[in-house]
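**Q** Test case, fold it:
(2 chains)
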Amino acid sequence: MSELLTIFFTFARVTFLAFGGGIGILPEMQRHAVDERGWVTEEQFVDAFALSQVTPGPGMLMVVAIGYRAAGVPGAMAAGLGMFAPTAFVTWLVADRWGRMADRYWVRLTRAALGPLALGLLAAGCYTLFEIGVDGILAGAVAMAALLAVALAKQSPALAVLAGGIFGLAFMR
Amino acid sequence: MIPGLDQSPAPTSPSLLDVFRAFIVVGLTSFGGGRATYFEDALVRKRGWLSQADFLEAVAISQVLPGPNIGNLAAYLGQKMHGWAGALVAVLCLTVPGGLAILALAWLYYNGMPASVSGPVGRGVSAASVGLAAAAVVRLRGGVSGWAGYAVAGLTFALFGPLGWPIHFVLLVCLPLAFAAAWNRVER
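**A** Predicted coordinates:
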């Protein structure tokens, strides 16, 4: 039981450092899971991230693979809960309070101010993904095809990514 | 109301089952990065539950708060759709299918499956994700209006993307500018 609590609180602590996205806390997560606790090796840590790229849902679900190695299925659940539950609760709390004050001037002002900020953050996230995911002409073409399919041809995002995965399997070995 | 912004769809309150249906599809199909696009597709484009401006607000708040962005986004949007029950359903729909999938793969992996089989697929998925993330930006541009808004968006992108500033510093610089840009657009 104490091992499960350790797993939960390790990831709960790390998740509160994740401002502006999960990718930024990977080094901190690695320090805890690999160096301090020894739950997984460095190679297994990197592979856990790779697994999260071919499964649906948030990439940070990679902690499930780490928790599983540390303490089986209960460990996997403790890791997932630690990573997602506390911060989701905080966000729910903020969303709840925020929604009730929607008529006030400063709330309306803040809402209008957040729009451009969010668009910039989304574009920056796109840049980060570009740095990780596009390493040549082939990958660039896949990215461009996905952009056109989703933005212009109104195809579903899942279809575009599925096509990318199949293309990768066939041509990007 | 903010003139010139896309505020079109009236706020609706979908049932819990509606929320489940919308989010479970995202949870089952959201491969790759750029996952905000899946939410935009399901909630803004397909169902019209939110305006582009509302969606951008949700994105901003879920990124500014700590935690995995997409988990936070699900909690925020779920709350907006159907209160605390909506938030709970949204977060579970987003994380449980992928969590089970990773668990299954992890079991195979620790029992000898080489991670390299996921390599080529992952490369294709990662590449397509870039296009997906870009598509969200293209689609949601209607949630921003005026040159000042676009200037703030551009600066935020430059500082947080190519220049790699930590989010706190980005907010320190860009938030005051964002408020200044919004000042004239919001009626008292």
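**Q** Find the nearest non-adjacent residue to residue 171, please.
**A** Answering for chain A, as no chain was given. The shortest distance from A:F171 to any non-neighbouring residue, by CB to CB, 6 or more residues apart in numbering or on different chains, is to A:L138 (6.5 Å). Using the backbone N, CA and C atoms, a C-beta is placed for each residue, glycine as well.
**Q** please go with chain B instead
**A** B:V64 (6.8 Å).
**Q** Give the burial count for that neighbour, as a bare number.
**A** The tally of other residues near B:V64 (other CB atoms under 10 Å in any protein chain shown) stands at 21.
**Q** Phi, psi for residue 134 please.
**A** Let's take chain A. Dihedral angles of A:V134 (phi, psi; degrees, to the nearest 10) stand at phi -110, psi 110.
**Q** Can you look at chain B instead?
**A** With angles defined as degrees, to the nearest 10, B:A134 sits at phi -70, psi -40.
**Q** Got the confidence number for the spatially most central residue of chain A?
**A** Central residue of chain A (CA atoms, centre = their mean): A:G59, 3.8 Å from the mean position. On the pLDDT scale, A:G59 is placed at 88.
**Q** Next, the contact list for the residue nearest to A:F171, please.
**A** By CB atoms under 8 Å, 6 or more residues apart in numbering or on different chains, the contact set of A:L138 is A:171-172, B:127.
**Q** if we go to 10 Å?
**A** Neighbour list for A:L138: A:167-168, A:171-172, B:123-124, B:127 [criterion: CB atoms under 10 Å, 6 or more residues apart in numbering or on different chains].
**Q** which stretches of chain A form helices?
**A** Applying DSSP state H to chain A gives helices spanning A:2-15, A:26-30, A:42-52, A:62-100, A:105-133, A:137-147, A:157-171.
**Q** Tabulate those in JSON lines, adding columns for mean pLDDT and distance to B:I70.
**A** Formatted as JSON lines, the helices of chain A follow (pLDDT from 0 to 100; distance: least, CB to CB, whole Å):
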{"stretch": "helix A:2-15", "mean pLDDT": "94", "distance to B:I70": "13"}
{"stretch": "helix A:26-30", "mean pLDDT": "84", "distance to B:I70": "16"}
{"stretch": "helix A:42-52", "mean pLDDT": "83", "distance to B:I70": "12"}
{"stretch": "helix A:62-100", "mean pLDDT": "95", "distance to B:I70": "10"}
{"stretch": "helix A:105-133", "mean pLDDT": "87", "distance to B:I70": "11"}
{"stretch": "helix A:137-147", "mean pLDDT": "93", "distance to B:I70": "18"}
{"stretch": "helix A:157-171", "mean pLDDT": "87", "distance to B:I70": "13"}
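**Q** Nearest to B:F55 among these would be which one?
**A** helix A:105-133 (8.4 Å; CB to CB).
**Q** Only the buried residues of the closest one, if you could.
**A** Buried residues in helix A:105-133, counted by 16 or more other CB atoms under 10 Å in any protein chain shown: A:108-130, A:133.
**Q** just to revisit the earlier point, tell me which of the helices of chain A sits nearest to B:G146.
**A** helix A:105-133 (8.9 Å).
**Q** list the contacts for A:F130?
**A** Per CB under 10 Å, 6+ apart, neighbours of A:F130: A:139-140, A:143, B:33, B:126-127, B:129-131, B:133-134, B:161.
**Q** Report the outermost residue of chain A with respect to its centre.
**A** In chain A, counting by CA atoms, centre = their mean, A:Y105 sits farthest out from the average C-alpha position, at 33.5 Å.
**Q** related to what we said a few turns ago, can you give me the separation between the residue nearest to the centre of chain A and chain B?
**A** Distance from A:G59 to chain B, counting by CB to the nearest CB, to the nearest Å: 7 Å.
**Q** Cool, thanks, signing off.
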